[in-house]
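> Sharing a model that was predicted from the sequence below.
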Amino acid sequence: MEDFSAFVGLSRTTVSKYFNDPSSVRKNTRNVIEAAQRKSGFRPSMFAVNLNRRRSNILGVIIPNSTDPFYMALTRRIETIANEAGFLAFVLSSDGRAEMEDQAIQTFKSMNIAGAIIAPLGVQSHHRILAELGSSIPLIYVDSPLDETSSFVGTDNRQSFRLIVDYLCRSGEPPCYFAMPLVNNNAQARQDAYVEAMQQFKMTPEIVPVVDARSWDFEKFGFDEALRILKGQGFPTRTVLCANDRVAFGVIAAAYQLGLKVGHGADCDMRVAGHDDHPLSRYACPPITTVAQNYNEIGRLAIELLLERLDEKSSAKPESGRILLNAELMLRSSA
């Protein structure tokens, strides 16, 4: 910046004012600076500028899996709204590993981010590191909360499982529950929600025994475990409710390999339902009956809540640090 100021023939203060807000300097001055930029190719370092600011315009986003369509849709929504508000959203993936989540946090600290949205690994997260980050900047959790007190935007698992359990019980044999790997707090929360819903409808919960896995490869987990179960004593009921659609993909694939027909009808061997409404669920064979999370709304509310926390001039305060959204039943031919 010093070299460019000397090159353009203006003070460092004037040049700095221009880069912070071009409208803050006179039109003639803007023209001189912009002509010098074109001639020199100079661009200020975004990271250096943000390090010098009391509060930067960079927001951090950490997700467990950058290839999962749920997180892709979520981050796309967050990035769009952040950009419209004048912020830059940087997305890093923890790749399902606590050490990578810690590394992402340290990277964002070094960038002097203004705030962050995190889909935490939960049971694997280093709570102390996340708590330290939350004490210095506004922090919103999505997908699964870190704990009962953290600011969170996500789906109301109790409502969504009441919805799907009610439908499955009314339309056929009551469902047993096929869990997801214990990779975040959603795993236990969804199982508890299933048990609660079954009890509300005066049904006996049936939890399918599965291996204690910590893998994010949900499809392989569902396939391997369903294959083992179906080759053994089979499922306790002919209706299988999976913790998420990605597990359901694996269960349906295992049934197909063994020559079993999945669907709702007298000629079918079993029904399979899921949760989330994964973008590919409607194209599975058969298409998966599930409950839909509103990805776009979760992303919108999370970034708006974060921006509200960042707005030091606003007197408006969020009504709650925890926003739970209702899911919608999607009836398809798998159940």
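That came through fine.
> where do the helices sit along the protein?
For the chain, applying DSSP state H gives helices covering 2-8, 12-20, 27-40, 46-52, 69-84, 98-110, 127-136, 157-171, 185-200, 218-231, 245-257, 295-310.
> any chance of those in JSON lines, with mean pLDDT too?
Shown next, in JSON lines, are the helices of the chain (pLDDT from 0 to 100):
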{"stretch": "helix 2-8", "mean pLDDT": "86"}
{"stretch": "helix 12-20", "mean pLDDT": "81"}
{"stretch": "helix 27-40", "mean pLDDT": "88"}
{"stretch": "helix 46-52", "mean pLDDT": "56"}
{"stretch": "helix 69-84", "mean pLDDT": "92"}
{"stretch": "helix 98-110", "mean pLDDT": "91"}
{"stretch": "helix 127-136", "mean pLDDT": "84"}
{"stretch": "helix 157-171", "mean pLDDT": "97"}
{"stretch": "helix 185-200", "mean pLDDT": "95"}
{"stretch": "helix 218-231", "mean pLDDT": "97"}
{"stretch": "helix 245-257", "mean pLDDT": "98"}
{"stretch": "helix 295-310", "mean pLDDT": "93"}
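> Select, out of these, the one closest to Tyr283.
Nearest of the helices of the chain to Tyr283, taken as C-beta to C-beta: helix 245-257 at 10.6 Å. Backbone N, C-alpha and C define where each C-beta goes, glycine included.
> For the closest one, output the C-alpha coordinates as PDB.
Presented in PDB, the C-alpha positions along helix 245-257 are these (Å, rounded to 0.1, in the frame of the first residue of the first chain):
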ATOM      1  CA  ASP A 245     -31.600 -41.400   3.500                       C
ATOM      2  CA  ARG A 246     -27.900 -42.200   2.800                       C
ATOM      3  CA  VAL A 247     -28.200 -45.200   5.200                       C
ATOM      4  CA  ALA A 248     -31.400 -46.100   3.400                       C
ATOM      5  CA  PHE A 249     -29.600 -46.200   0.100                       C
ATOM      6  CA  GLY A 250     -27.300 -48.900   1.500                       C
ATOM      7  CA  VAL A 251     -30.200 -50.900   3.000                       C
ATOM      8  CA  ILE A 252     -32.100 -50.900  -0.400                       C
ATOM      9  CA  ALA A 253     -29.000 -51.900  -2.200                       C
ATOM     10  CA  ALA A 254     -28.400 -54.900   0.200                       C
ATOM     11  CA  ALA A 255     -32.100 -56.000  -0.200                       C
ATOM     12  CA  TYR A 256     -31.700 -55.900  -4.000                       C
ATOM     13  CA  GLN A 257     -28.500 -57.900  -3.900                       C
END
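> Can you point out the buried residues in it?
With burial defined by 16 or more other C-beta atoms under 10 Å, the residues of helix 245-257 counted as buried are Asp245, Arg246, Val247, Ala248, Phe249, Gly250, Val251, Ile252, Ala253, Ala254, Ala255.
> Pick out whichever of the residues you listed sits closest to Gln188.
Val247 (14.9 Å).
> mind listing what the closest residue to the closest one other than its chain neighbours touches?
Computed as C-beta to C-beta, 6 or more residues apart in numbering, the closest residue to Val247 that is not its neighbour in sequence is Gly222, at 3.9 Å. Counting by C-beta atoms under 8 Å, 6 or more residues apart in numbering, Gly222 touches Phe178, Cys242, Arg246, Val247, Ala248, Phe249, Gly250, Val251, Ala253, Ala254.
> Pipe the buried residues of helix 245-257 into CSV and attach distance to Asp143 per row.
Below are those laid out as CSV (distance: C-beta to C-beta, whole Å):
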residue, distance to Asp143
Asp245, 14
Arg246, 13
Val247, 16
Ala248, 18
Phe249, 19
Gly250, 20
Val251, 22
Ile252, 24
Ala253, 25
Ala254, 26
Ala255, 28
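> Now flag whichever of the residues you listed is closest to Lys231.
Set against Lys231, the nearest of the buried residues of helix 245-257 by C-beta to C-beta is Ala254 (9.1 Å).
> most tightly surrounded among the helices of the chain?
Counting by mean count of other C-beta atoms under 10 Å, helix 245-257 has the highest mean neighbour count of the helices of the chain, with a mean of 23.
> what is the orientation angle of that helix with helix 69-84?
Counting by axes from the mean of the first three to the mean of the last three C-alpha atoms, to 10 degrees, helix 245-257 lies at 150 degrees to helix 69-84.
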